[in-house]
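Peer 1: Here's my sequence, what's the structure:
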Amino acid sequence: MPVLNERDYLRRAVESTLAQDVPGPSELIIALAPSTDGTDELARELAAEDERIVLVDNPAADIPVGLNLAIRAGRYPTVVRVDAHSELEAGYTRRALDTLTRVRAANVGGVMRADGRTPFQRAVARAYNSRIGLGGGAYHGGTREGEAESAYLGVMRRAVFDEVGGFDETIRRGEDWELNLRIRRAGYRVWFDPKLSVTYWPRESWSRLARQFIATGRWRGELVRRYGTRNSLRFFAPPLLVVAIALSVIVGTLQLARVLTGWWAVAASVVFVPVLAYALLVLVVAIGPGGGSGWRDKLWTIAVLPTMHISWGLGFIAGVLGGAHDTVDTSRLGDRNTPLP
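Peer 2: Take a look at the predicted model:
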């Protein structure tokens with residue numbers, strides 16, 4: 001479990017992990033980045049309460065670095081990746097271990113079931129759980145068991161993890177997708193089991209959500225630079241939306257300024273079609289059951305969906321054009337573009 005500034009979520013994440021029914025010895029290894037909200041102190045309290053908790057330092061504060069440090073410190077042949085912003089459902093680990101053996105996979109993952117404690121966070125959760133929100137990846141609500149492109153968190157065989165070289169520490173977002181790509185290229189199975197479920201708590205504010213998705217999109221753009229067409233086509237929808245919006249603004253400005261007139265103006269108006277179609281789609285989702293139960297929920301849905309898509313798309317375009325470089329997700333770090341205090 002890599003951890004950075006998660007005091008509000010850490011105890012419940014740890015408790016749900018330690019409560020798992022595991023047929024054998026287990027340990028919970030927490031990779032502690034230099035937090036500023038009291039997370040480290042809470043982690044030490046929890047470790048003093050349960051001898052199964054092992055703490056390792058992650059001064060770099062990057063998730064893949066922390067994961068590698070934690071896994072290398074582990075003693076057992078199976079790795080269950082957990083997250084401080086998530087809670088494992090009862091029976092998750094035993095079911096995952098059974099599936100790992102049953103289908104002879106190298107990595108098994110399940111469904112990320114987002115949930116929220118505030119109206120905004122619940123709106124983000126609904127977007128996460130919707131095919132419209134995050135593009136229909138299996139772990140965002142799939143129902144059919146089978147081979148998968150990637151696995152949310154994942155329960156994996158340590159031997160395969162070591163064989164493919166662990167997490168790539170030059171990647172700060174999307175490291176799980178890239179690891180699973182190498183696992184599949186090595187000839188092993190990555191498996192999705194919809195009966196596995198993890199509760200995920202999204203970002204709690206609009207600005208944090210936007211910063212998270214900009215960083216995630218930028219790293220996806222970096223992964224496209226590195227791996228090209230191995231990336232799913234669904235990753236290209238948000239940047240195409242951003243391009244369509246930009247073209248609409250340009251054409252609309254030229255029309256209002258009377259630079260574009262006559263048939264040229266009519267022909268250029270075709271750029272408005274995808275933007276209007278997208279706006280209609282968001283309204284339909286918000287009005288329907290996917291938009292929540294009250295008018296406040298529906299308004300938040302109208303705000304959240306474009307925030308996610310446009311932020312991700314802008315980040316993606318920046319990543320493709322210029323690379324991700326040292327981009328980090330600052331959504332838990334105030335305004336600093338560094339994980340260090």
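Peer 1: CA atoms for contacts and neighbours, from now on please.
Peer 2: OK.
Peer 1: right, and Pro239 touches Leu314 too?
Peer 2: Yes: counting by C-alpha atoms under 8 Å, Pro239 touches Leu314, with 6.4 Å between them.
Peer 1: so where's this protein uncertain?
Peer 2: The model of the chain has pLDDT under 70 over residues 135-142, 332-341.
Peer 1: hey, which strand is longest across it?
Peer 2: What stands out as the longest strand in the chain, according to DSSP state E, is strand 190-200.
Peer 1: Could you list every helix and strand in contact with the following helix or strand past that one?
Peer 2: Next along the chain after strand 190-200, taking DSSP states H and E as the criterion, comes helix 206-227. Other elements packing on helix 206-227 under the criterion 3 or more C-alpha pairs under 8 Å, 6 or more residues apart in numbering; DSSP states H and E are helix 295-322.
Peer 1: in stretch 2-20, what's buried?
Peer 2: Across stretch 2-20, burial judged by 16 or more other C-alpha atoms under 10 Å covers 2-7, 9-14, 17-18, 20.
Peer 1: Tell me the residue in this structure that is farthest from the middle.
Peer 2: Gly262 (46.5 Å; C-alpha atoms, centre = their mean).
Peer 1: Strands - which of the buried residues of stretch 2-20 land there?
Peer 2: Using DSSP E, the buried residues of stretch 2-20 in strands are Pro2, Val3.
Peer 1: Quickly check the buried residues of stretch 2-20 for the two that are furthest apart.
Peer 2: Asn5 and Gln20 (24.1 Å; C-alpha to C-alpha).
Peer 1: Surely Val65 and Glu169 touch.
Peer 2: Yes: here Val65 reaches Glu169: they are 5.6 Å apart, a contact under C-alpha under 8 Å.
Peer 1: quick one, which of the two is more surrounded?
Peer 2: Val65 (21 against 14; other C-alpha atoms under 10 Å).
Peer 1: Quickly find the element holding the more buried one.
Peer 2: Going by DSSP H and E, Val65 is in helix 63-73.
Peer 1: Mind giving me the packing neighbours of that helix?
Peer 2: Packed next to helix 63-73, using 3+ C-alpha pairs under 8 Å, 6+ apart, are strand 2-3, strand 28-32, strand 53-57.
Peer 1: partners of the last one in the sheet?
Peer 2: Which is strand 53-57. strand 28-32 (parallel) (DSSP bridges).
Peer 1: Give me the angle between the strand it pairs with and helix 63-73.
Peer 2: When axes from the mean of the first three to the mean of the last three C-alpha atoms, to 10 degrees is applied, the directions of strand 28-32 and helix 63-73 differ by 140 degrees.
Peer 1: As PDB, could you dump the C-alpha coordinates of strand 28-32?
Peer 2: Output in PDB follows, covering the C-alpha atoms of strand 28-32 (Å, rounded to 0.1, in the frame of the first residue of the first chain):
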ATOM      1  CA  LEU A  28       0.500  -5.500   5.100                       C
ATOM      2  CA  ILE A  29       3.500  -3.500   3.800                       C
ATOM      3  CA  ILE A  30       2.900   0.300   3.800                       C
ATOM      4  CA  ALA A  31       5.300   2.400   1.700                       C
ATOM      5  CA  LEU A  32       5.300   5.800   3.400                       C
END
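Peer 1: Would you verify that Ala286 is located in a strand?
Peer 2: No: looking at Ala286 with DSSP: H, G, I helix; E, B strand; the rest coil, it is helix, so not inside a strand.
Peer 1: Please report the number of neighbouring residues for it.
Peer 2: 23.
Peer 1: Kindly report the same for Trp295.
Peer 2: 12.
Peer 1: And Glu49, by the same measure?
Peer 2: For Glu49, using other C-alpha under 10 Å, the count is 10.
Peer 1: returning to that earlier point: show residues contacting the helix holding Val65.
Peer 2: 1-2, 29-33, 56-58, 60, 79, 166-169, 171-172, 175 (C-alpha atoms under 8 Å, 6 or more residues apart in numbering).
Peer 1: secondary structure element for Ala279?
Peer 2: Applying DSSP H and E, one finds Ala279 within helix 272-287.
Peer 1: and the direction of that helix versus that of helix 295-322, what angle?
Peer 2: Using the same axes, to 10 degrees: helix 272-287 against helix 295-322 is 140 degrees.
Peer 1: Now do the buried residues in helix 272-287.
Peer 2: Quick answer for helix 272-287 (16+ other C-alpha under 10 Å): Phe272, Val275, Val282, Leu283, Val285, Ala286, Ile287.
Peer 1: from the residues you listed, which is closest to Ala151?
Peer 2: Nearest member of those to Ala151, counting by C-alpha to C-alpha, is Val285, at 26.6 Å.
Peer 1: Surely the closest one is in contact with Asp297?
Peer 2: No: contact between Val285 and Asp297 fails when scored by C-alpha under 8 Å: they sit 11.5 Å apart.
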